[in-house]
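> build the 3D model from these lines:
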Amino acid sequence: QVQLVESGGGLVQAGGSLRLSCAASGRTFTWYVMGWFRQAPGKERELVASIGSGGSTSYAGSVKGRFTISRDNSKNTAYLEMNSLKPEDTAVYYCAARLTIIDKYDYWGQGTQVTVSS
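A predicted model of the protein is given here:
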C-alpha cells in the first residue's frame, strides 16, 4: 500500500503561481511513476503530468510550458509547479501513483482544490 497526501492548493488570480506537493509513504517511492490528475466540475478526470522514477516527464498539451512536475526521491515527495495559471485550470488536483510495470494508477491522494480567479 502507498499513502499519498497532497498539499498546496488554494485560490490564486489568473497569471499567478501555485506549487502542489504530494508526500508518499508506505512503499519504496522509486518503484512508482507519479502522476498529477485534475477534475473540474462536470468534466472527466484528466492526466496533467507524470514523472518516472528516473525523472522522465510527460505533460498534457494544455499545461505544457506552464506546469513542471518534479520529484525528490530522498523526501518521497512529488511536486507540481503551476505558473501562468488560467481560470480553466480550476479543478481538484489529485496525486496518484502506479508501479512502473503497470499502466493503471492504483493509489490516489484525497485531492486539493485549485481555484483560479479571472
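
> show the model's pLDDT score for the spatially most central residue of the chain.
When Cα atoms, centre = their mean is applied to the chain, the residue found nearest the centroid is residue 36 (2.5 Å). Note on residue 36: pLDDT of 98.

> do the same with residue 103
Looking at residue 103, the pLDDT reads 86.

> that one: what's it in contact with?
Shown in contact with residue 103 (Cβ atoms under 8 Å, 6 or more residues apart in numbering): no residues. All C-beta atoms are positioned from the backbone trio N, CA, C, and that covers glycine.

> which SS class is it?
Following DSSP: H, G, I helix; E, B strand; the rest coil, residue 103 is assigned to coil.

> how near is it to residue 47?
Residue 103 is 11 Å from residue 47, where distance means Cβ to Cβ, to the nearest Å.

> ok, the closest residue to residue 60 other than its chain neighbours - how many residues close by?
Nearest residue to residue 60, sequence neighbours excluded (Cβ to Cβ, 6 or more residues apart in numbering): residue 48, at 5.4 Å. By other Cβ atoms under 10 Å, 23 other residues sit near residue 48.

> element containing residue 48?
strand 46-51 (DSSP states H and E).

> what pairs with that strand, parallel or antiparallel?
strand 32-39 (antiparallel), strand 57-59 (antiparallel) (DSSP bridges).

> list the buried residues of the longest one.
Think strand 32-39. For strand 32-39, the neighbour count (16 or more other Cβ atoms under 10 Å) marks 32, 33, 34, 35, 36, 37, 38 as buried.

> nearest to residue 56, of these?
residue 33 (9.0 Å; Cβ to Cβ).

> list the beta-bridge partners for that closest one.
residue 98.

> residues contacting it?
50, 51, 52, 53, 97, 98, 99, 100.

> repeat that for residue 1.
With Cβ under 8 Å, 6+ apart, residue 1 has these contacts: 26, 27, 107.
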